[in-house]
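S.K.: need coordinates for the following:
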Amino acid sequence: MGPPEVGYVVVQPRPVTLTSELPGRTSAYETSEVRPQVDGLVLARLFEEGDQVRAGQPLYRIDPQPYEAAAASSRAALTRAQAAISSSAALARRYGELVKINAIARQEYENAQTAAQQSRADVAAQQAALRTAQISLGRTTVRAPISGRIGRSVYTTGALVTAAQANPLTTIQRLDPIYVDVSQSSADILRLRQQVMAGQLSRASGGAARVRLTLEDGSTYPIEGTLKFADVTVDPTTGSQTIRAVFPNPKGLLLPGMYVRAAMADGTQSTAITVPERAVGRDERGNATVMVIGADGKVAVRPITAPRTIGTDWLVTSGLNAGDKVIVEGGMMLRPGMPVHGTPWNPNAKPAGQQPGQGQAQAK
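M.R.: Numbers count the residues shown, from 1 in each chain. Below you'll find the model as predicted:
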């Protein structure tokens, strides 16, 4: 019958981009809890729950009457202080002329000067009090501090609210763009940094790294995001670091709290060796192995180290060299030392037999 036919690939180093896929959660780009800054009754709610609001838009109206009265009182006190300053200033000027001719005691002149200064200070104090009253009056209209999507209203018309209350009136979240927070093991981050420092991996200089998202239903988010930063602190309970990416969200598809998976580029390895997944088998101990065609045309089993996959290939870090012929197809019932007739493997051709991993258990 002759030697069995097998398909092989010739191992050649090539540049590959290593990526990591990590679980994460979405969070709002900005969040603002709307709280009252004055006490009073809510007279009206000026928005629809779930609407898009803009910064400065009126949201609630609180009863302004007590604050209008306080502003009017401060305004009257300011007018009284301004009237008093005219009289004290005029008296100080007259005493200044009289003290020159020794018509009055110098102490009386100094007392008049002090009274004039106190009058001016009273005017400044009343101006500040009026400004404070006007600020409180303006706060009876509760406005949106940021632009975004507004949630449900916790308080209704007629409710009594206070400036020191614990519960917010409502919450506004900015969802475009939106954050994605993922966690990565600090050991993995350390390993990648060491590989970069040793020259085993290279990273593109300039610009933020691109990130792709896979949603809860398995679909791919159509817009790529950018990596913002990695937290400088390792969580002692989980041994992981938080990595934050930002994504455009023009259609509002991403909502805060959604579970996603983020694929990020770790770096580029310029001389990586890869083999198709179907070429890799496992021995009785679970270690990865491949079958190769030796220089004598016979089958040999080669243990390898394959820590991760890249698409449909395994990344091999040890066990193979450039030029090795790895059997991909036709490995059924092969034994170490058997002569074979190899042809280059065509991935688009119909498989001729089982995968080599099925015959490697028998090869042991």
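
S.K.: and the helix or strand that contains residue 7, which strands flank it?
M.R.: Here residue 7 sits within strand 5-10, counting by DSSP states H and E. Its sheet considered, strand 5-10 pairs with strand 325-329 (antiparallel), strand 341-344 (parallel) by DSSP bridges.

S.K.: so which bits of that strand are buried?
M.R.: Using 16 or more other Cβ atoms under 10 Å as the test for burial, strand 5-10 gives 6-9. Bear in mind the C-beta positions are built from the backbone N, C-alpha and C, glycine included.

S.K.: just put the strands paired with strand 5-10 in a markdown table and tack on mean neighbour count, mean pLDDT and distance to residue 283.
M.R.: Below are these laid out as a markdown table (neighbours: other Cβ atoms under 10 Å; pLDDT from 0 to 100; distance: least, Cβ to Cβ, whole Å):
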| stretch | mean neighbour count | mean pLDDT | distance to residue 283 |
| --- | --- | --- | --- |
| strand 325-329 | 25 | 89 | 16 |
| strand 341-344 | 13 | 86 | 22 |
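
S.K.: mind putting those in CSV, distance to residue 275 included?
M.R.: Output for the strands paired with strand 5-10, formatted as CSV (distance: least, Cβ to Cβ, whole Å):
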stretch, distance to residue 275
strand 325-329, 5
strand 341-344, 14
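
S.K.: which residue ranges of this structure form helices?
M.R.: Listed in chain order, the helices of the chain (DSSP state H) span residues 65-100, 106-138, 186-197, 356-363.

S.K.: and the last one, average pLDDT?
M.R.: Yep, that's helix 356-363 we're talking about. Average pLDDT, helix 356-363: 44.

S.K.: same check, this time on stretch 300-314
M.R.: 87.

S.K.: give me the residues contacting it.
M.R.: Stretch 300-314 has contacts (Cβ atoms under 8 Å, 6 or more residues apart in numbering) with 16-19, 272, 274-277, 279-280, 283, 287-294, 315-320, 324, 336-337, 360, 363-364.

S.K.: which parts of it are buried?
M.R.: Result for stretch 300-314 [16+ other Cβ under 10 Å]: buried residues 300-302, 304, 306, 313-314.

S.K.: OK, contacts around the residue nearest to residue 161 when sequence neighbours are not counted?
M.R.: Leaving aside its sequence neighbours, residue 161 sits nearest to residue 36 (Cβ to Cβ, 6 or more residues apart in numbering; 4.4 Å). Residues near residue 36 by Cβ under 8 Å, 6+ apart: 60, 62, 139, 142, 161-163, 165, 169.

S.K.: and the pLDDT for residue 36?
M.R.: On the pLDDT scale, residue 36 gets 94.

S.K.: also residue 162?
M.R.: On the pLDDT scale, residue 162 gets 93.

S.K.: kindly report the same for residue 91.
M.R.: Residue-level pLDDT assigned to residue 91 equals 74.
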